[in-house]
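Peer 1: structure for the following, please:
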Amino acid sequence: MTQANKILPGKPFYLAEWVIDPQSGRISNAELEAKLEPKVMAVLVYLAKNAGQVMSREQLEAEVWSDMVVGYDSLASTIIKLRKAFGDDSKNPRFIETVPKKGYRLIAELACVDEMPAPSVESAPVTQPALPAKKIAMPYVLIATLLLVSGSMILWWLNGTENLNIDAVSESSVHQPSLAVLPFKNISNDVNQDYFSDGMTADLITDLSKLSGLSVIARNSAFAYKNSNVDVRKIGDELDVHYIVEGSVQKIADTVRISARLIDTNTGFNIWAERFDGKLQNVFQLQDEVTEKIVSALQIKLTENERIQLAHEYTDSIEAYDHFLHGWQYFWDLSRDSNLDAREHYLKAIELDENFARAYSNLALTYAYEYINGWTSEPDASIDKAKHYVQIAVSLDHELPQIYWVIGLIETFDKNYDVALKAAKRSIELDPNFADGYGLLATVLNYGAQAKDALQIMNKAMQLNPRYPFIYKVIRGEIYFNLREYDLAIKDFNHALERNPVAEEPRLWLAAAYAYQNRLDDARWELNQIASTDELSVEYFDQVIPLKDPTQRKHLIDGLYKAGFNM
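Peer 2: Sure thing, here's the model as predicted:
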């Protein structure tokens, strides 16, 4: 009879050096004692009963959650909690092994405990084992507690952002070298590999933009030149940058070749050019080498924190990273269907690496966009899922600016303005060139009745992202509207609608702006162009345009009434 078969229902047993007591929900060793949640203990017991065997997600969910329908994350969160409790490392596991695409297996040694007294209620305070050293370490007691309290974890990580100076972050860095990374060409003779070369480019932009000594043009502006043959000197003039990085990616089977060059936009001459070859499993190392060459060529001095950030790897699973890049590619289509496709890839990435913080963050983003765009019949459920996944992301990695951007977006539309403001500021602290971070900060300030400050910040976002998306014009138009600068608001809203004629939000604000200018015919015409006019209501405005100040909100609604709109 195997040790697993000797495990009796409800009876204590040994797992390596730990004593497991299913009835009390406690685990303990010679120095430590902890209490597990019922579902967490149930998963552990089921794995113990089947020790050494791979238990699929379906088997575990059927056993532990047989009485309810659960989301994909329930099991993943439970396994994370178990590993944290035992101080286990998913990369070098002693207790629970993840078998990609198959499930989980308990690998620690089991032994029976014939008799063991139940722990006293007045036992020593519950403590937790120390985590193994990592680049980003966080005490488990804090993680376990905050995961159970909605929003607490996020607030904990956002402490210290209140003193970010608005005037300071909005100033131009005129003495810094400025750079744009153009989309690397896919030369793999397979157009289906575009997602990989695009993803490599986006990650390079992300890494470089974290450097305080360098001004980096945002992804949107750089990708406007994809598949174009524009001279780099002309691009330099259009984007107002000193340097251009361009290159190519060739991915064949398990090998990758990256070719890159740094160009002076004044002369058109190469500062350096190099080729990087390696195995696909070493792609992150190749990315680091490209970044290091650029930093070295531009003689940029890095802070210690910047060195740590550049050395950080998002995941050690190439397959998970591949799904993440697929998801990122789908997400940028910004449609209901592509949002769902992106979500599927992020879920697969998490299944392959349950510690992949960016995948959790982007998964949260798909639910946030679903809520904001009205792509769901259950908006409350979507915003709750967005908050849940982003809390997992921040517990896994609290140094990623993208995570705080997602937090800020979610909290803005959930009307938690103070949290949203701190999150937007934190995203900029971590990434001084994060154009969308500035755009989010401007949005929060504007919706939070600080339109004057918001205008400074929005102009900074446009400077960092000169080929900005239409939404930038919408945001600035709304700021001008709240400042009663109707002429400028009308100009920005019309520019936005030239680029996206089906967008409804700018038409609503534009109609109100026209009304305040007594251009009532123009105002009514804009309202007539909105396909969903019959579905609009005060509740709609509360969800899509979450204005904090009642006076500000009344000002917009009064303008719409004046335009002839009845809610």
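
Peer 1: surely residue 339 touches residue 369?
Peer 2: Yes. Applying Cβ atoms under 8 Å, one finds residue 339 in contact with residue 369, separated by 5.7 Å. Using the backbone N, CA and C atoms, a C-beta is placed for each residue, glycine as well.

Peer 1: sec struct for residue 281, please.
Peer 2: Three-state assignment for residue 281 (DSSP: H, G, I helix; E, B strand; the rest coil): helix.

Peer 1: who are the contact partners of it?
Peer 2: Taking Cβ atoms under 8 Å, 6 or more residues apart in numbering as the criterion, residue 281 is in contact with 254, 318.

Peer 1: just the pLDDT for it.
Peer 2: What the model reports as pLDDT for residue 281 is 82.

Peer 1: C-alpha coordinates for stretch 215-231, CSV please?
Peer 2: Taking C-alpha atoms only, stretch 215-231 is exported to CSV below (Å, rounded to 0.1, in the frame of the first residue of the first chain):
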residue,chain,number,x,y,z
SER,A,215,13.3,60.0,-23.5
VAL,A,216,11.5,57.2,-25.4
ILE,A,217,8.7,57.5,-27.9
ALA,A,218,5.6,55.4,-27.1
ARG,A,219,4.6,52.2,-28.9
ASN,A,220,1.7,53.7,-30.8
SER,A,221,3.8,56.4,-32.4
ALA,A,222,6.6,54.0,-33.3
PHE,A,223,4.3,51.4,-34.7
ALA,A,224,2.8,54.0,-37.1
TYR,A,225,5.9,53.4,-39.2
LYS,A,226,5.5,49.6,-39.5
ASN,A,227,6.2,48.3,-43.0
SER,A,228,7.0,51.8,-44.2
ASN,A,229,10.2,52.9,-46.0
VAL,A,230,10.4,56.4,-44.6
ASP,A,231,13.9,57.8,-44.3
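
Peer 1: buried set for stretch 269-278?
Peer 2: 276, 278 (16 or more other Cβ atoms under 10 Å).

Peer 1: domain map for the chain?
Peer 2: Per the record, the chain has its domains at 3-114, 178-299, 473-567, by automatic domain parsing.

Peer 1: common neighbours of residue 339 and residue 369, please.
Peer 2: Counting by Cβ under 8 Å, 6+ apart, the common neighbours of residue 339 and residue 369 are residue 375.

Peer 1: on that earlier part again, among the domains of the chain, which comes closest to residue 352?
Peer 2: Among the domains of the chain, domain 3-114 comes nearest to residue 352, with 5.4 Å by Cβ to Cβ.

Peer 1: now that closest one: mean pLDDT?
Peer 2: Confidence over domain 3-114, taken as the mean pLDDT, stands at 82.

Peer 1: do a quick rundown of the strands in the stretch 1-150 of the chain.
Peer 2: Taking DSSP state E, counting those that start in this stretch, the strands of the stretch 1-150 of the chain run over residues 13-15, 18-21, 26-28, 33-35, 96-99, 103-106, 110-112.

Peer 1: to residue 432, which of those strands lies closest?
Peer 2: When those are ranked by proximity to residue 432, the top entry is strand 96-99, at 36.1 Å, counting by Cβ to Cβ.

Peer 1: Serialize the domains of the chain to CSV and add fields for distance to residue 400.
Peer 2: Formatted as CSV, those follow (distance: least, Cβ to Cβ, whole Å):
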stretch, distance to residue 400
domain 3-114, 17
domain 178-299, 9
domain 473-567, 23
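
Peer 1: residue 394 is nearest to which of these?
Peer 2: Shortest distance between residue 394 and these, using Cβ to Cβ, is found for domain 3-114: 13.2 Å.

Peer 1: let me know the pLDDT of residue 153.
Peer 2: Per-residue confidence (pLDDT) for residue 153: 51.

Peer 1: residue 257 now?
Peer 2: Per-residue pLDDT puts residue 257 at 89.

Peer 1: tell me the SS of it?
Peer 2: Residue 257 is classified as strand under three-state DSSP.

Peer 1: burial count for it?
Peer 2: Each residue near residue 257 was counted by other Cβ atoms under 10 Å, and the total is 16.
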